[in-house]
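>>> Sharing a model that was predicted from the sequence below.
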Amino acid sequence: MLQTIRNAWKIADIRRKILFTLFMILLYRVGNSIPVPYVSKDLLSQYFEYNQLGSTVLGLYNVMSGGAFAQATIFALSIQPYINSSIIIQLLCIAIPALERMAKDEGEEGKKKINNITRYATVGIALLQGFAYYMMLRNATVSGEFAILTETGAWQAIVIVLTFTAGSALIMWMGEQITEFGIGNGISIILFVSIISRFPTTVIRSVENIANGSLKWWAFCLLLIGALVLIVLIVAVNNAERRIPVQYSKRVVGRKQYGGQSTHLPMKVNMSGVLPVIFAQSIASLPATIGAFAGKTSSNSAFLRVFDTTSWVYIVLYFLLIIFFSYFYSTIQFNPVEVANNLKRNGGFIPGYRPGKPTSEFLLKVLNKITLFGAIYLSIVAITPYIVGSFTNAASLSGISLGGTSIIIVVGVALETVQALENQMLMRHYKGFLE
């Protein structure tokens, strides 16, 4: 990877794209440090820590925003509204025929319309989430005495909600600019930066815990080894795919012969990416999140103790939800019937299977097998920190309670960005990275 980056830096055009990407990342980190007006940053941090909101879905938002959510900065909502909007529009494109025709039949113009709808939906979702966050800030107090908001009123509410919304819209714009003028997928890179920005804090906290004796050094070393093993597993599965052989029949037109070549149909093992983990974690954390808004925690509620992140009920529920969403998203992204019909129209067939229904049934069977393997892989990576935390407090002390999800995102985006660099160098016939 380092060799790829070094070779890419030698090309002036790619170097400009890398510098533009770094400039946008710098702007994003600056925005993460600008607080929203009328909010006490110190009291909000105490409120999050006292009520143990890290174990709720709000903790997931905080990780995805690089810690901005717990500090109520202008980028507190981060890219969550855009991610939610994109997922909703993708589902609607399947459920609503008009949107499906727009996305598939109208070509580039249809994609632009879908992108515009996604942008408007992002602003609408950001308004809703910004208002919900404001209501939490208005009702929250520290020790029942100190209010987090320094001033309350209609004007203050409008300023806070619109600031959150504008910050989310600005992040969406920055992501699109990185995608167009930088390297890789802009939204993924912003998410990558948000997660790795918390690594220095995690390391410092771990060193402090080792120094004061609350965390054993050997336990921390085991956690690091476990993280390295997870990274190796993620890299291996991320690049794994099932290649189904495809043969195209020969056609003779005049004196020329067309077709007859052999190729393969790639099916990725982890076809749905990290989305099943994010959705499963959001749903599994709902009881704790509702309890946090109601002023209850796992320390004073028997019901919430059942859904605590260290309980086996939560771990099993989390595991099953990841399996469910993995199958759900794989069926959305890969349609065996559509693929079989496309092969039939282009004169292709899978050896041993007749075109049409037998081919689609075979593809569905293969899809179910690799989806099961991918879902189990995602589940193991995601629940490992929770299993460790149920036996010891080392995971929570070292700050990796969301480590599985974070590692999947970080490694996946890193591989995707390096691949984008290699593709751009290949387009310029640069052979240094192939040597």
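Ah, there it is. Residues are numbered from 1 along each chain as shown.
>>> CA only for contacts and neighbour counts going forward, please
Fine.
>>> Would you mind listing the buried residues in stretch 30-48?
Buried positions in stretch 30-48, judged by neighbour count with 16 or more other Cα atoms under 10 Å: 31-33, 35-37, 39-41, 43-48.
>>> Please apply the same query to stretch 329-347.
Buried positions in stretch 329-347, judged by neighbour count with 16+ other Cα under 10 Å: Y329, S330, T331, F334, P336, V337, V339, A340, N341, L343, K344, G347.
>>> could I get those residues as JSON lines with distance to R138 and pLDDT?
Listed next are the buried residues of stretch 329-347 as JSON lines, based on distance: Cα to Cα, whole Å; pLDDT from 0 to 100:
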{"residue": "Y329", "distance to R138": "37", "pLDDT": "82"}
{"residue": "S330", "distance to R138": "41", "pLDDT": "85"}
{"residue": "T331", "distance to R138": "42", "pLDDT": "80"}
{"residue": "F334", "distance to R138": "45", "pLDDT": "84"}
{"residue": "P336", "distance to R138": "50", "pLDDT": "88"}
{"residue": "V337", "distance to R138": "52", "pLDDT": "87"}
{"residue": "V339", "distance to R138": "52", "pLDDT": "87"}
{"residue": "A340", "distance to R138": "55", "pLDDT": "87"}
{"residue": "N341", "distance to R138": "56", "pLDDT": "88"}
{"residue": "L343", "distance to R138": "58", "pLDDT": "84"}
{"residue": "K344", "distance to R138": "60", "pLDDT": "83"}
{"residue": "G347", "distance to R138": "64", "pLDDT": "79"}
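>>> Just the closest of those residues to T405, please.
Using Cα to Cα, Y329 is the member of the buried residues of stretch 329-347 that lies nearest T405, at 17.1 Å.
>>> could you say which helix or strand contains the closest one?
Assigned by DSSP states H and E, Y329 belongs to helix 312-333.
>>> List every C-alpha atom in that helix, with coordinates, as CSV.
Provided in CSV are the C-alpha atoms of helix 312-333 (Å, rounded to 0.1, in the frame of the first residue of the first chain):
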residue,chain,number,x,y,z
TRP,A,312,-25.7,-12.6,26.3
VAL,A,313,-29.3,-11.6,25.3
TYR,A,314,-27.9,-8.5,23.5
ILE,A,315,-25.0,-10.5,21.9
VAL,A,316,-27.4,-13.2,20.6
LEU,A,317,-29.9,-10.6,19.4
TYR,A,318,-27.1,-8.7,17.7
PHE,A,319,-25.8,-11.9,16.0
LEU,A,320,-29.3,-12.8,14.6
LEU,A,321,-29.9,-9.3,13.4
ILE,A,322,-26.7,-9.2,11.4
ILE,A,323,-27.6,-12.6,9.8
PHE,A,324,-31.1,-11.2,8.8
PHE,A,325,-29.8,-7.9,7.4
SER,A,326,-27.0,-9.7,5.5
TYR,A,327,-29.6,-11.8,3.6
PHE,A,328,-31.8,-8.7,3.2
TYR,A,329,-29.2,-6.6,1.5
SER,A,330,-27.7,-9.5,-0.6
THR,A,331,-31.1,-10.0,-2.2
ILE,A,332,-31.4,-6.3,-2.9
GLN,A,333,-28.0,-6.1,-4.6
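>>> The helix or strand just after that helix packs against which elements?
Counting by DSSP H and E, the element after helix 312-333 in chain order, helix or strand, is helix 336-345. Where contact means 3 or more Cα pairs under 8 Å, 6 or more residues apart in numbering; DSSP states H and E, helix 336-345 is packed against helix 357-391.
>>> Could you check how far the helix it packs on is from the centre of its chain?
Computed by Cα atoms, centre = their mean, to the nearest Å, the chain-centroid distance of helix 357-391 equals 17 Å.
>>> and if you look at stretch 325-335?
With Cα atoms, centre = their mean as the basis, stretch 325-335 stands 16 Å off its chain's centre.
>>> Next: stretch 415-432.
Relative to its chain's centre, stretch 415-432 lies at 24 Å (Cα atoms, centre = their mean).
>>> Kindly export that stretch (C-alpha atoms) in PDB.
Provided in PDB are the C-alpha atoms of stretch 415-432 (Å, rounded to 0.1, in the frame of the first residue of the first chain):
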ATOM      1  CA  LEU A 415      -8.500  -1.200   0.500                       C
ATOM      2  CA  GLU A 416     -11.100   0.600  -1.600                       C
ATOM      3  CA  THR A 417      -8.900   3.800  -1.700                       C
ATOM      4  CA  VAL A 418      -5.800   1.900  -2.600                       C
ATOM      5  CA  GLN A 419      -7.700   0.200  -5.400                       C
ATOM      6  CA  ALA A 420      -8.900   3.500  -6.700                       C
ATOM      7  CA  LEU A 421      -5.300   4.800  -6.800                       C
ATOM      8  CA  GLU A 422      -4.100   1.700  -8.700                       C
ATOM      9  CA  ASN A 423      -6.900   2.100 -11.200                       C
ATOM     10  CA  GLN A 424      -6.100   5.700 -11.900                       C
ATOM     11  CA  MET A 425      -2.400   4.800 -12.400                       C
ATOM     12  CA  LEU A 426      -3.400   2.000 -14.700                       C
ATOM     13  CA  MET A 427      -5.400   4.400 -16.800                       C
ATOM     14  CA  ARG A 428      -2.200   6.400 -17.200                       C
ATOM     15  CA  HIS A 429      -0.200   3.300 -18.200                       C
ATOM     16  CA  TYR A 430       1.900   3.700 -15.100                       C
ATOM     17  CA  LYS A 431       3.600   0.300 -14.500                       C
ATOM     18  CA  GLY A 432       5.600   1.000 -11.400                       C
END
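>>> Can you tell me what sits against that stretch?
Applying Cα atoms under 8 Å, 6 or more residues apart in numbering, the contact partners of stretch 415-432 are M1, T4, I5, N7, A8, I14, I183, G184, N185, V235, F433.
>>> Can you turn the buried part of these into a PyMOL selection?
To isolate the buried ones among these in PyMOL, judged by 16+ other Cα under 10 Å, type:
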select buried, resi 4+5+7+8+14+183+184+185
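>>> of all the contacts of stretch 415-432, which two lie farthest apart?
Going by Cα to Cα, the pair spanning these furthest: I14 and V235, at 25.1 Å.
>>> my read is P355 is in a helix, agree?
No - counting by DSSP: H, G, I helix; E, B strand; the rest coil, P355 is not found in a helix; it is coil.
>>> Ramachandran coordinates for it?
Backbone torsions of P355, given as degrees, to the nearest 10, read phi -60, psi 150.
>>> Settle this for me: it is touching N342, isn't it.
No - taking Cα atoms under 8 Å as the definition, P355 is not a contact partner of N342, at 9.9 Å.
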